[in-house]
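# Below are the sequence and a predicted model; questions follow.
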Amino acid sequence: MERRARAWVSEKVEVQPYAGGQALMATAAIAAGERLIALAHVFVDLPHKYTIQIDEHLHQAGTGEADDFMNHACEPNVTIDFEALEIVAIREIRAGELITFNYNICEWDIRAPFVCECGSARCLGEIRGFRYLDEVERKRLEPWLSPYLRRKLGAGERGDDDDTSGGARAAG
Ligand SMILES: [Zn+2]
């Protein structure tokens with residue numbers, strides 16, 4: 001894999017003001033399968049708000065680039081190609097739509113859980129990470145899961161028996 005110090009970002013997406021902050025939006029029509037961002041190959045070993053979990057102790061770092069501004073949605077319009085580390089549209093996206101992915105396809109245990117307001121009929125409400133999903137939702141997300149969470153799913157790992165970090169995890 002060629003190393004990238006910075007992200008490559010399609011001209012069809014742009015960080016724009018949204019809901020008192022900023023969010024990534026489509027500025028042109030995007031076809032299903034289009035590649036929108038190639039993530040920077042910058043990694044950290046602990047998660048924080050802008051990281052994307054790749055493996056147990058490997059997280060793509062927040063670099064202040066476009067990918068940091070992708071909101072979560074329970075039925076999103078992009079996913080992550082974990083081989084290439086690229087953001088890919090999973091359906092057609094109209095100009096003006098928010099670019100969203102499901103954080104639960106890669107994050108095992110989100111450090112700062114939040115309440116999702118995506119409006120989808122499948123909205124889970126509080127988003128806390130794959131660790132906390134029931135079997136039905138785990139299976140639903142299977143096609144998009146990171147290799148790391150796929151291993152967890154295959155091992156039938158539940159959320160309550162594998163935390164070896166020894167504790168200073170903030171509760172709820
Ligand atoms: Zn939702």
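Ah, there it is.
# My reading is that Lys152 lies in a helix. Confirm?
Yes - Lys152: assigned to a helix according to DSSP: H, G, I helix; E, B strand; the rest coil.
# For it, report the pLDDT, please.
Per-residue pLDDT puts Lys152 at 91.
# same deal with the one 5 residues further on?
According to the model's per-residue confidence, Glu157 sits at a pLDDT of 78.
# so how far is the ion from it?
24 Å (C-beta to the ion, to the nearest Å). All C-beta atoms are positioned from the backbone trio N, CA, C, and that covers glycine.
# do the same with Leu58
Distance from Leu58 to the ion, by C-beta to the ion: 26 Å.
# now swap in Arg94 and tell me
For Arg94, the distance to the ion (C-beta to the ion) stands at 19 Å.
# can you check Gln22 too?
From Gln22 to the ion the distance is 19 Å (C-beta to the ion).
# How about the secondary structure of that residue?
Following three-state DSSP, the label given to Gln22 is strand.
# isn't Ala84 right up against Ala38?
Yes - in this structure Ala84 lies within contact range of Ala38 using C-beta atoms under 8 Å: 7.2 Å.
# out of the two, which sits in the busier spot?
Ala38 (19 against 13; other C-beta atoms under 10 Å).
# pLDDT score assigned to Asp162?
Predicted confidence (pLDDT) at Asp162: the value is 48.
# Grab the nearest non-local neighbour of Tyr148.
What sits nearest to Tyr148 in space, not counting adjacent residues and going by C-beta to C-beta, 6 or more residues apart in numbering, is Asp55, at 4.8 Å.
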